[in-house]
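> Provided below for reference: sequence and predicted model.
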Amino acid sequence: MTHASSFLVRLKPKTDARPIRHGAPWVYANEVVTDRRTKAIPPGAIARLQDGEGRDLGTVAVNPISKIFCRMLDRDAEAVIDRAWFARRIAAALAHRETLFDAPFYRLVHAEADGLPGVIIDRFGDALVIQPNAAWAEVAFEALAGAAQEVTGCTTVVKNGTGRARALEGLEEITEVVAGEVAGPIPVPMNGATYIADLMGGQKTGLFYDQRPNHAFAQRLVAGKRVLDVFSHVGGFSLAALAGGAESAMAVDSSAAALDLAMQGAQAAGTDARFATRRGDAFAVLEALAEEGVRFDVVICDPPAFAPNRQALDKGLRAYERVARLAAPLVAEGGYLGLCSCSHAADLSKFRTACTRGIGRAGRASQLIHTGFAGPDHPLMPQLAESGYLKALFYRLLP
């Protein structure tokens, strides 16, 4: 990697440097002096960041083609970003996860919150799936992956270079095995259930670890109950419900491949006799179930990000309201409705308002009984609101 002092980036003279000094991780393009010299810095290069008076602020990764011009890597302006530097950051992240979990299935690195901006690493036993979602991580991928293997002892590494974040950084999409081998989907134990993670063809890294505590809360509601899991992916809430003693569970998703993995998970846990899947557009299936007169004791909807950015916020909130309006009539009296959002742009207050309005429009009275967030292997960076993306609201629908 390039030594920090090879390039220099300076804030504009009137730009307030206090947020950076107090821990803010990003510097936007409109906050820095962008002359020919800085515009010529190659995407992913390492630079020294200074305030408008020339005082050092730290070592940053630079991408002149991104709105996020600088990502803070180290408060030390003399830091060398090499394999040993990566190893120290990953070791600190690993210590936290090993405190939390007794099995090696978790998010190992959660980007800025773990001091590795734009880097996601999920661990599946002996395999690591690394998402280098920022240009600097792409440039440094060999050192990053080598350090991750060194620290964890994992022999298999998958590079998952897909998603909207990479496009914003000017990076191409690529998924490949860079170390070891992936013989097939991997069984993942979580909350007493078994999930089947497809590391090469699944969404994101193959499994969503962030919902683990919300699956666990849902398990407290489901003993002997009929459960509907909408936008189920590989069976997140439905397989957890079966492990929690549900009488039956139905998973609804538009992906046949995801539902097949969900069924494999149920079979692996011996709960497939109580499990059913239904493929289709979630909104259409919700409407069809209402027409069929079907009711469930617990309904949980965990859709994709309807509001991935501020421009999509209003449309996304209408979609969340529609989910709540269509799901509420399917809940038996005194039953429970869980509604989730992984949208950065829709904060908790806006999401809660949309959901509550949708339930009301369905003619149902409700109590909000629980608010859940991502698990502690997805730490929140206090200075970066975007890192607190996941919300889960559980309502009891009154008789």
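Yep, it's here.

> which SSE is residue 351 in?
Assigned by DSSP states H and E, residue 351 falls within helix 348-361.

> can you list contacts of that helix?
313, 317-318, 320-325, 328, 337, 339, 341, 343, 346, 366, 368, 371, 391, 393, 395, 397 (Cβ atoms under 8 Å, 6 or more residues apart in numbering). No exception for glycine: its C-beta is placed from N, CA and C like everyone else's.

> then that helix to PDB, C-alphas only?
Taking C-alpha atoms only, helix 348-361 is exported to PDB below (Å, rounded to 0.1, in the frame of the first residue of the first chain):
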ATOM      1  CA  LEU A 348     -37.000   4.800  13.100                       C
ATOM      2  CA  SER A 349     -39.600   7.500  13.600                       C
ATOM      3  CA  LYS A 350     -40.600   7.700   9.900                       C
ATOM      4  CA  PHE A 351     -40.700   3.900   9.600                       C
ATOM      5  CA  ARG A 352     -42.800   3.500  12.700                       C
ATOM      6  CA  THR A 353     -45.300   6.200  11.500                       C
ATOM      7  CA  ALA A 354     -45.700   4.500   8.100                       C
ATOM      8  CA  CYS A 355     -46.200   1.100   9.700                       C
ATOM      9  CA  THR A 356     -48.700   2.400  12.300                       C
ATOM     10  CA  ARG A 357     -50.600   4.200   9.600                       C
ATOM     11  CA  GLY A 358     -50.800   1.100   7.500                       C
ATOM     12  CA  ILE A 359     -52.200  -1.000  10.400                       C
ATOM     13  CA  GLY A 360     -54.700   1.700  11.100                       C
ATOM     14  CA  ARG A 361     -55.800   1.900   7.500                       C
END
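
> got the buried residues for it?
For helix 348-361, a neighbour-count test (16 or more other Cβ atoms under 10 Å) marks 350-352, 354-359 as buried.

> are any of the contacts of helix 348-361 buried, and which?
313, 317, 320-325, 328, 337, 339, 341, 343, 346, 366, 391, 393, 395, 397.

> strands - which of those residues land there?
Taking DSSP state E, the ones among the buried ones among the contacts of helix 348-361 that sit in strands are 337, 339, 341, 366, 391, 393, 395, 397.

> and the first one, what pLDDT?
Here the pLDDT value assigned to residue 337 is 98.

> specify the beta-bridge partners of it.
Residue 337 has the following beta-bridge partners by DSSP bridges: residue 299, residue 395.

> ok, the third one next?
In this structure, residue 341 has beta-bridge partners residue 391, where bridges are defined by DSSP bridges.

> what's the answer for the fourth one, then?
When bridges are called by DSSP bridges, residue 366 pairs up with residue 397.

> in this structure it contacts residue 396, no?
Yes: if you go by Cβ atoms under 8 Å, residue 366 and residue 396 touch, sitting 6.6 Å apart.

> between the ones in strands among the buried ones among the contacts of helix 348-361, which is nearest residue 283?
Residue 283 lies nearest to residue 339 out of these, by Cβ to Cβ, at 14.0 Å.

> doesn't residue 301 make contact with the closest one?
Yes: Residue 339 is in contact with residue 301 according to Cβ under 8 Å; the separation is 5.5 Å.

> any common contacting residues for the two?
Between them, residue 339 and residue 301 share these contacting residues under Cβ under 8 Å, 6+ apart: 323-324, 327.

> just send the residues you listed back as a markdown table, with distance to residue 134 and pLDDT too.
Shown next, in a markdown table, are the shared contacts of residue 339 and residue 301 (distance: Cβ to Cβ, whole Å; pLDDT from 0 to 100):
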| residue | distance to residue 134 | pLDDT |
| --- | --- | --- |
| 323 | 32 | 98 |
| 324 | 35 | 98 |
| 327 | 36 | 98 |
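
> quick one: residues contacting residue 304.
231, 342 are the contacts of residue 304 under Cβ under 8 Å, 6+ apart.

> quick one, grab the pLDDT at it.
92.

> same question for residue 239.
98.

> how about residue 164?
The predicted local confidence for residue 164 is 85.

> next, the spatially closest residue to it that is not a sequence neighbour: phi, psi?
Counting by Cβ to Cβ, 6 or more residues apart in numbering, the nearest residue to residue 164 once its immediate chain neighbours are dropped is residue 308, at 6.6 Å. Main-chain torsions, residue 308, degrees, to the nearest 10: phi -70, psi -20.

> my guess is residue 308 contacts residue 343, does it?
Yes: proximity of residue 308 to residue 343 meets the contact threshold set by Cβ under 8 Å, at 6.3 Å.

> shared neighbours, those two?
With Cβ under 8 Å, 6+ apart as the test, residue 308 and residue 343 both reach residue 316.

> one step back: any chance of a markdown table for the shared contacts of residue 339 and residue 301, columns distance to residue 215?
Listed next are those as a markdown table, based on distance: Cβ to Cβ, whole Å:
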| residue | distance to residue 215 |
| --- | --- |
| 323 | 19 |
| 324 | 20 |
| 327 | 18 |
